[in-house]
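Engineer: Predicted structure and sequence below. I'll ask about it afterward.
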Amino acid sequence: MNEIFFVYIMTNPRKTVLYTGVTNSLPRRVYEHKEKLAPGFASRYNVTDLVYYETAETAEAAIGREKQLKAGSRRRKIELIKSMNPTWRDLSDKL
């Protein structure tokens, strides 16, 4: 059975911070961010709202896409989020 990988963007409640990550279990990873289970950037900046995600068929493809997004500008990330989620609503309730 093939595993699915996710590239995702999360933000804080004020929508001032963007965090891009990759995982093989989006529900688990979003839960970890919301509960601040791992110290680091996401917990320090209260990153709790899932505002964008996409899938990849391999870990290599997901990591490559994550690097591409991280290398891009904030403006480009905002455009990407708005293309999928114009109101920036927290998508985690749909997981």
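Structural biologist: Done, it's in. Because the structure is a prediction, the values reported are computed rather than measured. Numbers count the residues shown, from 1 in each chain.
Engineer: In the helix or strand of the chain with the lowest mean pLDDT, which of the residues would be classed as buried?
Structural biologist: Every helix and strand in the chain was compared by mean pLDDT, DSSP states H and E; the lowest is helix 41-44, with a mean of 92. Across helix 41-44, burial judged by 16 or more other CB atoms under 10 Å covers 42-43. Backbone N, C-alpha and C define where each C-beta goes, glycine included.
Engineer: so what secondary structure elements neighbour that helix?
Structural biologist: With contacts taken as 3 or more CB pairs under 8 Å, 6 or more residues apart in numbering; DSSP states H and E, helix 41-44 sits against strand 18-23.
Engineer: Give me the residues contacting the strand it packs on.
Structural biologist: Applying CB atoms under 8 Å, 6 or more residues apart in numbering, the contact partners of strand 18-23 are 5-11, 29, 33, 41-42, 45, 47, 59, 62-63, 65-66, 69-70, 74, 77-78.
Engineer: Buried only: go through the residues you listed for me.
Structural biologist: In the contacts of strand 18-23, burial by neighbour count holds for 5-11, 29, 33, 42, 47, 62, 65-66, 69, 77-78, counting by 16+ other CB under 10 Å.
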